[in-house]
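**Q** give the three-dimensional model of this entry:
(one chain, ligands or ions: 1)
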Amino acid sequence: MAPLAPPVAAIRLAVRRALADLPAYGPVLVACSGGADSLALAAAAAFVAPRAGHTAGLVTVDHGLQAGSAGRAEAVARWAQRAGLASVDVVRVDVAGRPGGPEAAAREARYQALTEVAGRHGAVALLTGHTRDDQAETVLLALARGAGPRGLAGMPTRRDLNGVPLVRPLLEISRGQTRAACVALGLTPWQDPHNSDPAYARSRIRADVLPVLVQALGPGVLDNLARTARLAAADNLALDELADAALAAARHPEGGLLVESLANLPAAVRTRVLRAWAHELGAAPAALSHRHVTALDTLVTGWRGQGPAYLPGGLRVRRSAGRLLAVPAEDEECAGGAVSAGRRAVAEGAAVGVRGGADPAGEVVP
Ligand SMILES: Nc1ncnc2c1ncn2[C@@H]1O[C@H](COP(=O)(O)OP(=O)(O)OP(=O)(O)O)[C@@H](O)[C@H]1O
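**A** Numbers count the residues shown, from 1 in each chain. Next up is the predicted model:
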């Protein structure tokens, strides 16, 4: 028997570890574009899952945005049947009419379709092929946007997506390894033209920025960026727990938050409390920017009798009698007329800089 190619073995091991962490046995679904990362993942899942007490299915989404996209999806499905995956779903989504640019609309439609199929199969996890290189790009994009530790944490290995656990087994596997695994297995991955389209910031990072960094600083840069993400994620976990407790302690029994409780918190905790509270009030995570949180924070730390802070979704928060209070929508007219277009634009997040897709949980994802 020919020895197993090292990249194939590394990817199988990564998948085995990810499956071992799942709380229950049951079907897992691989989200597969046909690209090298998710193709290598699907091949590994087909091998590993049945040996680990799971069945593995595959789902591929046709966004209908490129000529030949239906043919690509069918080719992935035919391969999945030959590879022995337990279920194969091809889902065509309609991207038109969704908010945001075409990239964001496609992502939103894709994740919606993926979680619907996962729900239909009762999947215990949806696996995606994000790699260490995707993570390194995500960290660099976050740095360029001026994101804090939350952005630097990049993509988590596991999180909830519309009630389905989204798991990324390949975050410590390089793109070179997924490509090499495909070669070793005789698979021909699909090349997504978007990945090399300089219109996208992520493509420019991939093609222009990372090679220069590697040349200047050495090949360890990619691992180091991914490690930054892991370290920031661990810090975030601790800070989020502190913020949860601080938010509970700051609540006023009649509503709103007590300024006095907030004022003495370290800034890193206080801004997290304010961000979490803004989400609670209904501000969409993807639209809530640093600028909105700073406006809330200024009501606490820079109080000079100013007017309300504006949040996405037409929400406003004012300070009154030592409390931060959400202003009910019907008070908007009485409070001095309509909000100006400029302020509304800021509130709706027009200040966000480098383009990056934020998924429904506010995470910036490829
Ligand atoms: N059309 C699709 N159908 C199903 N899953 C998809 C699709 N597009 C992306 N995904 C999932 O999202 C992950 C990240 O997507 P992205 O477009 O960034 O691909 P990538 O990094 O080029 O990976 P790949 O080589 O798998 O295409 C993929 O690995 C795959 O799991």
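**Q** just give me the neighbour total for the closest residue to the ligand within the chain.
**A** The nearest approach of the chain to the ligand comes at residue 35, 2.3 Å away (CB to the nearest ligand atom). Where you see a C-beta, it was placed from the backbone N, CA and C, and this is true even at glycine. When counting by other CB atoms under 10 Å, one arrives at 21 neighbours for residue 35.
**Q** got it, and residue 207?
**A** 13.
**Q** so who does it touch?
**A** 196, 198 (CB atoms under 8 Å, 6 or more residues apart in numbering).
**Q** all numbers from here: first residue = 22
**A** Noted, 22 is the first residue going forward, which turns the last one into residue 228.
**Q** read off the pLDDT value for it.
**A** Confidence at residue 228, expressed as pLDDT, is 93.
**Q** pretty sure it sits in a helix.
**A** Yes: under DSSP: H, G, I helix; E, B strand; the rest coil, residue 228 falls within a helix.
**Q** next one: it from residue 217, what distance?
**A** 6 Å (CB to CB, to the nearest Å).
**Q** next: residue 327.
**A** Residue 327 is 48 Å from residue 217, by CB to CB.
**Q** could you pull out the strands for the stretch 22-171 of the chain?
**A** Shown for the stretch 22-171 of the chain, the strands assigned by DSSP state E, counting those that start in this stretch span residues 48-52, 76-83, 109-113, 146-148.
**Q** adjacent strands (with direction) for the second one?
**A** The strands beside strand 76-83 in its sheet (DSSP bridges) come out as strand 48-52 (parallel), strand 109-113 (parallel).
**Q** go through these and name the closest to residue 140.
**A** Evaluated over the strands paired with strand 76-83, closeness to residue 140 peaks at strand 48-52, with 10.0 Å, by CB to CB.
**Q** from the middle of its chain, how far away would that closest one be?
**A** 18 Å (CA atoms, centre = their mean, to the nearest Å).
**Q** so the longest helix along the chain, near the ligand or not?
**A** Ordering each helix of the chain by length in residues (DSSP state H) puts helix 241-271 first. No: against the ligand, helix 241-271 shows no contacts by CB under 6 Å from any ligand atom, the least distance being 13.8 Å.
**Q** and that helix, what does it pack against?
**A** Under the contact definition 3 or more CB pairs under 8 Å, 6 or more residues apart in numbering; DSSP states H and E, helix 241-271 sits against helix 153-166, helix 170-173, helix 231-238, strand 278-279, helix 280-284, helix 288-302.
**Q** now that helix and helix 231-238, what's the angle there?
**A** For helix 241-271 against helix 231-238, the angle between stretch directions is 110 degrees (axes from the mean of the first three to the mean of the last three CA atoms, to 10 degrees).
**Q** residues of helix 241-271 that come out buried?
**A** Within helix 241-271, the residues scored as buried using 16 or more other CB atoms under 10 Å are 242-243, 246-250, 253-254, 257, 260, 264, 267-268, 271.
**Q** rewinding a little: ok, which of the strands of the stretch 22-171 of the chain comes nearest residue 305?
**A** Taking these one by one with CB to CB, strand 146-148 is closest: 22.3 Å.
**Q** by contact count, what packs against that closest one?
**A** Counting contacts by 3+ CB pairs under 8 Å, 6+ apart, strand 146-148 is packed against helix 27-41, strand 48-52, helix 123-142, strand 185-188.
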